[in-house]
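Q: Predicted model follows, preceded by the sequence.
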Amino acid sequence: MVSIVSPCYNGEKYLSSYLNSVLEQTYPEIELILVDDASTDATAEIVKQYETLFKNKGYTLIYIKQESNKGQAAAINRGLKIFSGNFFTWMDSDDIYYNDAIQKKVEFLEKNTEYDFVLNDGEIVNEKDLCTRVGVLKRQKPSNNDNLFKDLLDENNVVFTPGVIMVRADALKRAIPNLSIYESREGQNWQLMLPLAYSLKYGYLDEILFKYVVHNGSHSHMKRLYERQIERRDNFYVLQKETISKITDMPKSEKEYWIQYSYKKQLKEKYILTLKNRRRKDYAAYKKEMKKYDVDIPEKMPYDFYQIYIILRKIKNKLKRNLMK
């Protein structure tokens, strides 16, 4: 059996598309644990309409409603405690599976017993046109030194979308023995993927198996104020630190190294934000801190010249758009 855990919050506009994509799977044994994060819309009523359809298909549908909104990571924790499948995956409830997605992932893991989890590809679509592909989500398999753990921390050549992964349940329990992740409002993917990437072996299934649906105004695509972007980077560090500190088979000295590595990465990202948002005071403070921690400063020109460069680039892009009209 394959267990899917899906957090959902106010999903009345898109939930049916997702549930239909689960029902259309060719794999015969599926357990869907849908955790409603205290929705205030018709999410509960929509799920109720699917109970008989899932039962008739021979699938298990477990619906859990949180008493208060706690975020996706907390919702994932509810599912981790009760799932019963031999394989585990998590999926955003506004995305869409290809109908053979689950079967192909299970077949890959059954044929390739040396791997604990599998990574596949996805396509990007817009909510207004689910049939037109606007992009592809894919990790390019490195030709040498394939280090998914480091790439996750670097945010380099990785896909932070749960539709790309499936893991054996016994392997998941080795990597995350207490079946609980750090609860952060910034999401859940690092908390799940970092332990898996460090402790387990993974293989690649070079096929697109789901649609990642972009919603106008969604949490992951909204334009954020500078202060919120800085806060978010601080939160990223905290959740990475908490996650790394709980990886059971990582030596203490290595934990200390990667936690500091994460801190330096987020420090560099905050420094870049000061340049892009013209925050001279913060720029000077972060630059000083980067020197203190011996972090490479990603700057090829002084602050004032960089601001001129940004302005000129915006003018260039605006002229280019006008010429294309």
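A: It's in.
Q: Please enumerate the strands of the stretch 201-325 of the chain.
A: Applying DSSP state E, counting those that start in this stretch to the stretch 201-325 of the chain gives strands spanning 202-214.
Q: For it, give me the ranges with low pLDDT.
A: The model of the stretch 201-325 of the chain has pLDDT under 70 over residues 217-223, 299-314, 320-325.
Q: all helices of it, in order?
A: 226-245, 252-276, 280-292, 303-324 (DSSP state H, counting those that start in this stretch).
Q: Could you list the residues in contact with the longest one?
A: Helix 252-276 is contacted by residues 153-155, 226, 229-230, 233-234, 236-237, 240-241, 244-245, 247, 250, 279-280, 282-283, 286-287, 289-290, 293, 295-299, 303, 306-307, 310 when judged by Cβ atoms under 8 Å, 6 or more residues apart in numbering. For the C-beta atoms, the positions are set from N, CA and C on the backbone; glycine is no exception.
Q: OK, contacts around the residue nearest to residue 134 when sequence neighbours are not counted?
A: Of all residues not flanking residue 134 in the chain, residue 124 sits nearest, at 5.2 Å (Cβ to Cβ, 6 or more residues apart in numbering). Contact analysis of residue 124 by Cβ under 8 Å, 6+ apart lists 133, 134, 135, 136, 137, 211, 212, 214.
Q: Please enumerate the strands of the stretch 51-200 of the chain.
A: For the stretch 51-200 of the chain, applying DSSP E, counting those that start in this stretch gives strands covering 60-65, 87-90, 96-97, 117-126, 135-137, 165-168.
Q: Looking at the ones you listed, spot the one closest to residue 24.
A: strand 96-97 (7.7 Å; Cβ to Cβ).
Q: Now the closest one: average pLDDT?
A: Mean per-residue pLDDT for strand 96-97: 98.
Q: What is the distance between it and the centre of its chain?
A: Relative to the centre of its chain, strand 96-97 is centred 15 Å away, using Cα atoms, centre = their mean, to the nearest Å.
Q: by contact count, what packs against that strand?
A: If you count contacts as 3 or more Cβ pairs under 8 Å, 6 or more residues apart in numbering; DSSP states H and E, strand 96-97 packs onto helix 15-23, strand 202-214.
Q: want to throw the ones you listed into TSV with mean neighbour count and distance to residue 32?
A: Below are these laid out as TSV (neighbours: other Cβ atoms under 10 Å; distance: least, Cβ to Cβ, whole Å):
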stretch	mean neighbour count	distance to residue 32
helix 15-23	19	6
strand 202-214	18	15
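Q: Quick one: closest of these to residue 176.
A: Closest to residue 176 of the helices and strands packed on strand 96-97, according to Cβ to Cβ: strand 202-214, at 15.1 Å.
Q: quick one: residue 185 from residue 198, how far?
A: Distance from residue 185 to residue 198, counting by Cβ to Cβ, to the nearest Å: 24 Å.
Q: Looking at those two, which one has more neighbours?
A: Between residue 185 and residue 198, residue 198 has the larger neighbour count (other Cβ atoms under 10 Å), namely 21 against 14.
Q: which one of the helices and strands packed on strand 96-97 lies closest to residue 68?
A: Nearest of the helices and strands packed on strand 96-97 to residue 68, taken as Cβ to Cβ: helix 15-23 at 20.0 Å.
Q: Next secondary structure after the closest one?
A: Counting by DSSP states H and E, the element after helix 15-23 in chain order, helix or strand, is strand 30-36.
Q: Now the residue nearest the centre of the chain. Nearest residue, chain neighbours left out?
A: The centroid of the chain falls nearest to residue 160 when counting by Cα atoms, centre = their mean (3.2 Å). Take residue 160 and drop its neighbours on the chain: the residue closest to it by Cβ to Cβ, 6+ apart is residue 189, 4.9 Å away.
Q: Tell me how many other residues crowd that neighbour.
A: 22.
Q: quick one, what contacts it?
A: So residue 189 contacts 160, 161, 162 (Cβ under 8 Å, 6+ apart).
Q: Just send the helices and strands packed on strand 96-97 back as CSV, with distance to residue 80 too.
A: As requested, the helices and strands packed on strand 96-97 are exported to CSV (distance: least, Cβ to Cβ, whole Å):
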stretch, distance to residue 80
helix 15-23, 19
strand 202-214, 19
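Q: The residue lying closest to residue 83 once chain neighbours are set aside: what secondary structure?
A: Leaving aside its chain neighbours, residue 83 sits nearest to residue 3 (3.8 Å; criterion: Cβ to Cβ, 6+ apart). Of the three states, residue 3 takes strand under DSSP: H, G, I helix; E, B strand; the rest coil.
Q: List the beta-bridge partners for residue 3.
A: Listed by DSSP bridges, the beta-bridge partners for residue 3 are residue 31, residue 88.
Q: what about it, neighbour count?
A: By other Cβ under 10 Å, the residues close to residue 3 number 24.
Q: on that earlier part again, for residue 84, which of the helices of the stretch 201-325 of the chain is the nearest?
A: Nearest of these to residue 84, taken as Cβ to Cβ: helix 226-245 at 24.7 Å.
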